[in-house]
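>>> Coordinates only, no sequence provided:
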Ligand SMILES: Nc1ccn([C@@H]2O[C@H](COP(=O)(O)OP(=O)(O)OP(=O)(O)O)[C@@H](O)[C@H]2O)c(=O)n1
Ligand SMILES: O=P(O)(O)OC[C@@H](O)[C@@H](O)[C@@H](O)CO
């Protein structure tokens, strides 16, 4: 299931737990059907990210403990019809890049050294396929060139770019301009402005018949290599190949400034928190609370399943957010059992998985220090496996008769005709307090899932 973004609002169109880059591939995916020739990618990642203003080059800045470049690699690596991804990094970052490849199990990647400019880096990347001594990187029919700092690229656009490049020789993604382009005089006065409607921003990905773009780089001038920024121009200038231009979604933007990194993190958080699985232990109160919580989490696509089914892969693979509801401070053994299931399907390799343990507390007592310490230690242990464990205790007053669970009371209020009794109930402070606790439970659960804050793991929050 590919996660699609609305073309303007950029909100995820379909609930799904995975970024497009990670949607599970199946044999009948469109790309596999129509791409019957070898396609490779070159990701220039040899820059220093000066405009980001950080000591770490932006392609290695992390989101959820994972470098930005890993998200971009995944966007290509997950597609079966892309056979190789050449990543071009500065020599000093070679080992760092190899460690990223190992840690995130990027299996299609070859790392080569970049140059002093983006064009030189791209040229080095292309040369990796022309090294006849290295059979591990056979020459592709089509090569996609894509900045390593553009992490959000979807299969359907890559497919269009690839097929257009195969047919036309070159293709490129474009976006409407959001600012007018003007020419300035040497004294920084306005010389003239361009008619914005006639122009587009050249983005990435771009696709080329390998032989065309490689020949263009072989023929281009030193000036091009030093100061150029447009591969499509090289194909036209040196090979007479006019690129097919394809409009892409706003998510194609390049991470350049700090704000772009924050925007990328926000998009990843949003796409990771569109679904959840609520697991209810057997007690009636837990089941009732699960149903109420499902209603309160109306922002998400949620499944409610009985405890014991969570190890079922069909539930595990649908989301990275799990809410376990127990009516008592039951044993926490189920946490490690769940984490083992995640590891069996490699579920937390690319993105952190969230577990929120909601405990219905039948007494008003807060957790004792031993219980708190044990929970903190458990959270610390599972965090090593990229699982973020949070706790919420919701005080479930003993005064309540079990039948007066929130759902039962709501039903009673709707069914009851006697105003006096209904008013009495409505003004019962316990009921109002319980309703408020339920609302807070939904709000806090949503925030924990959305924010995936590493510092809050192991905390037992109270509502
Ligand atoms: N010598 C270079 C310069 C840039 N790039 C890559 O080209 C992409 C787009 O370039 P840009 O956004 O300009 O990256 P930087 O050059 O790192 O940024 P800055 O100009 O702010 O230093 C980036 O993935 C960058 O790593 C590269 O491979 N080799
Ligand atoms: O000049 P920069 O290296 O910042 O960015 C490169 C961009 O110009 C380039 O990725 C697109 O415009 C497509 O060519």
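Thanks, I have it. A quick note: this is a predicted structure, and the numbers were derived from the prediction, not measured. Ligands and ions are numbered 1, 2, ... in the order given.
>>> hmm, the helix or strand where residue 41 lies in reach of ligand 2?
In the assignment (DSSP states H and E), residue 41 maps to strand 39-45. No. Between strand 39-45 and ligand 2, judged by C-beta under 6 Å from any ligand atom, nothing touches; the nearest distance is 8.2 Å. Just so you know, the C-beta spots here come from the backbone N, C-alpha and C atoms, and that holds for glycine as well.
>>> Which strands and helices lie in contact with that strand?
Contacts defined by 3 or more C-beta pairs under 8 Å, 6 or more residues apart in numbering; DSSP states H and E place strand 39-45 against helix 68-77, strand 82-89, helix 118-127, strand 142-145.
>>> go with 6 Å
Other elements packing on strand 39-45 under the criterion 3 or more C-beta pairs under 6 Å, 6 or more residues apart in numbering; DSSP states H and E are strand 82-89, helix 118-127, strand 142-145.
>>> in that strand, what counts as buried?
Counting neighbours by 16 or more other C-beta atoms under 10 Å, one finds that the buried residues in strand 39-45 are 39, 40, 41, 42, 43, 44, 45.
>>> Nearest residue to the first one in space, please, no chain neighbours.
Spatial nearest neighbour of residue 39, excluding adjacent residues (C-beta to C-beta, 6 or more residues apart in numbering): residue 142 at 4.8 Å.
>>> do the fourth one as well
Nearest residue to residue 42, sequence neighbours excluded (C-beta to C-beta, 6+ apart): residue 125, at 3.7 Å.
>>> circling back to that earlier point, the residue nearest to residue 39 reaches residue 165, doesn't it?
Yes. If you go by C-beta atoms under 6 Å, residue 142 and residue 165 touch, sitting 5.0 Å apart.
>>> got the residues of the stretch 251-400 of the chain near ligand 1?
Proximity of the stretch 251-400 of the chain to ligand 1 (C-beta under 6 Å from any ligand atom) is limited to residues 254, 256.
>>> Strands of the stretch 251-400 of the chain, residue ranges please.
If DSSP state E, counting those that start in this stretch is used as the criterion, the strands of the stretch 251-400 of the chain fall at 275-280, 301-306, 321-326, 353-361, 387-395.
>>> which stretch in those is the model least sure about?
Mean pLDDT is lowest for strand 301-306 out of those, coming in at a mean of 90.
>>> Does anything pack onto that strand? Which helices or strands?
Applying 3+ C-beta pairs under 6 Å, 6+ apart, we find strand 301-306 packed against strand 275-280, helix 284-296.
>>> So what angle separates the directions of the longest one and strand 301-306?
Right, helix 284-296. 170 degrees (axes from the mean of the first three to the mean of the last three C-alpha atoms, to 10 degrees).
>>> ok so, going back, tell me, how many neighbours does the residue nearest to residue 42 end up with?
When neighbours are counted by other C-beta atoms under 10 Å, residue 125 registers 29.
>>> And it, what's its pLDDT?
The predicted structure scores residue 125 at 98 on the pLDDT scale.
>>> give me every residue that touches it.
Remark: with contacts taken as C-beta atoms under 6 Å, 6 or more residues apart in numbering, residue 125 is in contact with 42, 86, 88, 112.
>>> any chance of those residues in JSON lines, plus pLDDT?
JSON lines is the format used below for the contacts of residue 125 (pLDDT from 0 to 100):
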{"residue": "42", "pLDDT": "98"}
{"residue": "86", "pLDDT": "98"}
{"residue": "88", "pLDDT": "98"}
{"residue": "112", "pLDDT": "98"}
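>>> if we can go back for a sec, mutual contacts of residue 142 and residue 165, please.
Shared contacts of residue 142 and residue 165, defined by C-beta under 6 Å, 6+ apart, are found at residue 207.
>>> okay, those two: which has more neighbours?
Using other C-beta under 10 Å as the criterion, residue 142 and residue 165 rank with residue 165 on top: 29 against 25.
>>> thinking that one is in contact with residue 207, fair?
Yes. In this structure, residue 165 sits in contact with residue 207. The criterion is C-beta under 6 Å, and the distance is 3.1 Å.
>>> rewinding a little: and the buried residues of strand 39-45, which two are the farthest apart?
When those are compared pair by pair using C-beta to C-beta, the two farthest from each other are 39 and 45, 19.2 Å apart.
>>> What number of residues are in the vicinity of whichever residue of the stretch 1-150 of the chain sits closest to ligand 1?
Residue nearest to ligand 1 within the stretch 1-150 of the chain (C-beta to the nearest ligand atom): residue 47, separated by 2.1 Å. Here the number of neighbours of residue 47 (other C-beta under 10 Å) works out to 21.
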